[in-house]
Every structure is written in C-alpha cells, then in structure tokens.
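> turn this into a model:
(one chain, ligands or ions: 1)
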Amino acid sequence: MTPIGAQPTPFLLSVEGLTVSFDGFKAVNDLSFYVDENEIRVIIGPNGAGKTTVLDLICGKTKATAGSITFRDKELTRMSESQIVLAGVGRKFQTPSIYEDLTVFENLEISYPRGRSVWGALTFKRDAAVRERVAEVAEIIFLKDKLHERGAFLSHGQKQWLEIGMLLIQEPDLLMLDEPVAGMSVSERIKTAELLRTIIKDRSVLVIEHDMKFVEDIAHKVTVLHQGRILSEGSMEKVQSDPKVIEVYLGH
Ligand SMILES: Nc1ncnc2c1ncn2[C@@H]1O[C@H](COP(=O)(O)OP(=O)(O)OP(=O)(O)O)[C@@H](O)[C@H]1O
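Predicted coordinates for the structure are as follows:
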C-alpha cells in the first residue's frame, strides 16, 4: 500500500485482491503481490496452490472473479489475451511449442512482430532488421551456431531456450515462464539461470519453479503460494527458513 501523500511506487506489475472462483472453489483467493522493474520473481508452492492459475489470470487465459492486475498503466483484467500480448506480456507454457520442421532461424523469424510500424515497400530494410534481431536473440539463447538446425534436432533444453527466444524477439516487458528447467541437465539449468540474468536488463521475469537450487540461483524475491493465498514472501533465505513454508512445502 502506498502511504497517503507519497508518490505511487513504479511497480511493473501490481496484483491486488485477485480472486478466481471455479464453481465456488477459490483457486486464487484475494491475492496481492507486486513485481518491480528488472526483477526475477519466483512463485513456488505445493501442487494445486494456484501458481499456474495466477499466470493464466495475468495473461488473460482465465478471467478473474475479482481484483485487479495493473501492468504499467493498463488494467489487464479488462483486456483480451491478444491485447495483453501486445501490451508486452509474454508467456511460455511448460512444454515447448516450437515448429520442429523449421530451423532455429525460421522459428525466430516467424515470431518477429509484424505490423508495428509501416514498412510498406521497405522490405529490404525490414529483412535486415529481422536478421539482425534474430542473430541477437540467437546469441542470448545459446543457439547462434545452430541457426540452420531444424527444431526437431535440438535437445529438450535447446527447444526450451528457442521458445524463450521466440518470446524475446517480441520484446516483452514481462516474461512469464512455467517450470523452465524441468527436464533440463545440470549444465542447461546453469545456462538458463545465466540467460534469465541477461534478459532482465530490459524486462522483468515471473517464474514458476519447483527446482529449489535453480530458485536459489535466480530469484530476487520468492512468493510462496498455498491454497490460493500468499504463505510467505521475501528473499529465498527468508522463505526457506519460514516454519510455515517448511511445514507445507519444503519439508516434504
Ligand atoms: N479451469 C479450472 N476449473 C476448475 N478448477 C481448476 C481450473 N484450473 C485450476 N483449477 C484448480 O485450481 C487449483 C489450483 O491449480 P493450479 O494448476 O493453479 O495449481 P499449481 O499451483 O499450478 O499446481 P501444480 O504445481 O500442480 O502445477 C487446483 O485445485 C486445480 O484443480
């Protein structure tokens, strides 16, 4: 809460009193949390805590029963999924959904946003801009030497990075990732942490994750959900030593 008379804090994302009810069952229940610019926030919690539902609500896949989600100056609860994407929110689901028959280059190229400016007959200029951006993103996602490899031949981890790249090319201000390191090798997890640290220079990232070593590596702040509400919030150190968190989640 902003004290009366103070300037509002410039959060990138403010979730306030968010509630969604499925046939009377509140999967998310009067939830409030705030994400800063350039922050990596991780949401953890037991199965069924409401983590995926929170991301579904932010990206507009599920409509809130009550509460608000403010992204910069926009109220997301009143917007459609596509409007939310255009406002700058990218969402990656758990399973990679790249085009297996296309190359890394083509997968990135196809995701390049169209129609943001009038290119008209300037296709030559546009092609150069696309190639440049594809190269930049390929470097960030560790695939610059694989640009002409077909999606089908990438490892599971490389497919996950490519999908992150397909979102990055759209330059979202908020990127949401659901268990990005599930099924990855240890070295891929370390590189994914590096990737996230690189990309938050220009945006914030909201991650759902169960892998506590990875959470420790990346999280600026952790929000622990339980039964649709916040059980604990703060640094990894703080939530890890919170008896309530140990009881319902970490102790198992
Ligand atoms: N569309 C829906 N209709 C009815 N119930 C739903 C719906 N979506 C989610 N739920 C319920 O809401 C609760 C929260 O689910 P959610 O998937 O958000 O949890 P989660 O914390 O992401 O769990 P997990 O770690 O298992 O992915 C669960 O009890 C789930 O069954």
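
> quick check: Val20 touching Ala64?
Yes: counting by CB atoms under 8 Å, Ala64 is a contact partner of Val20 at 5.5 Å. Any C-beta I mention is one placed from the backbone N, CA and C, and that applies to glycine too.

> give the residues shared as contacts by these two.
Both Val20 and Ala64 are in contact with Val28, Leu57, where contact means CB atoms under 8 Å, 6 or more residues apart in numbering.

> all strands of the protein, in order?
Shown for the chain, the strands assigned by DSSP state E span residues 13-22, 25-35, 40-44, 66-71, 74-75, 89-92, 174-178, 204-208, 221-226, 229-234.

> can you redo these as JSON lines with distance to Leu55, mean pLDDT and mean neighbour count?
What follows is the strands of the chain, written out as JSON lines (distance: least, CB to CB, whole Å; pLDDT from 0 to 100; neighbours: other CB atoms under 10 Å):
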{"stretch": "strand 13-22", "distance to Leu55": "11", "mean pLDDT": "97", "mean neighbour count": "18"}
{"stretch": "strand 25-35", "distance to Leu55": "11", "mean pLDDT": "96", "mean neighbour count": "18"}
{"stretch": "strand 40-44", "distance to Leu55": "8", "mean pLDDT": "97", "mean neighbour count": "25"}
{"stretch": "strand 66-71", "distance to Leu55": "11", "mean pLDDT": "97", "mean neighbour count": "18"}
{"stretch": "strand 74-75", "distance to Leu55": "17", "mean pLDDT": "94", "mean neighbour count": "12"}
{"stretch": "strand 89-92", "distance to Leu55": "6", "mean pLDDT": "93", "mean neighbour count": "22"}
{"stretch": "strand 174-178", "distance to Leu55": "5", "mean pLDDT": "96", "mean neighbour count": "24"}
{"stretch": "strand 204-208", "distance to Leu55": "7", "mean pLDDT": "97", "mean neighbour count": "24"}
{"stretch": "strand 221-226", "distance to Leu55": "11", "mean pLDDT": "97", "mean neighbour count": "23"}
{"stretch": "strand 229-234", "distance to Leu55": "15", "mean pLDDT": "97", "mean neighbour count": "17"}
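
> make TSV out of these and add distance to Val130.
Shown next, in TSV, are these (distance: least, CB to CB, whole Å):
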stretch	distance to Val130
strand 13-22	29
strand 25-35	30
strand 40-44	28
strand 66-71	27
strand 74-75	27
strand 89-92	18
strand 174-178	20
strand 204-208	24
strand 221-226	35
strand 229-234	41
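
> of those strands, which is nearest Gln83?
strand 74-75 (8.7 Å; CB to CB).
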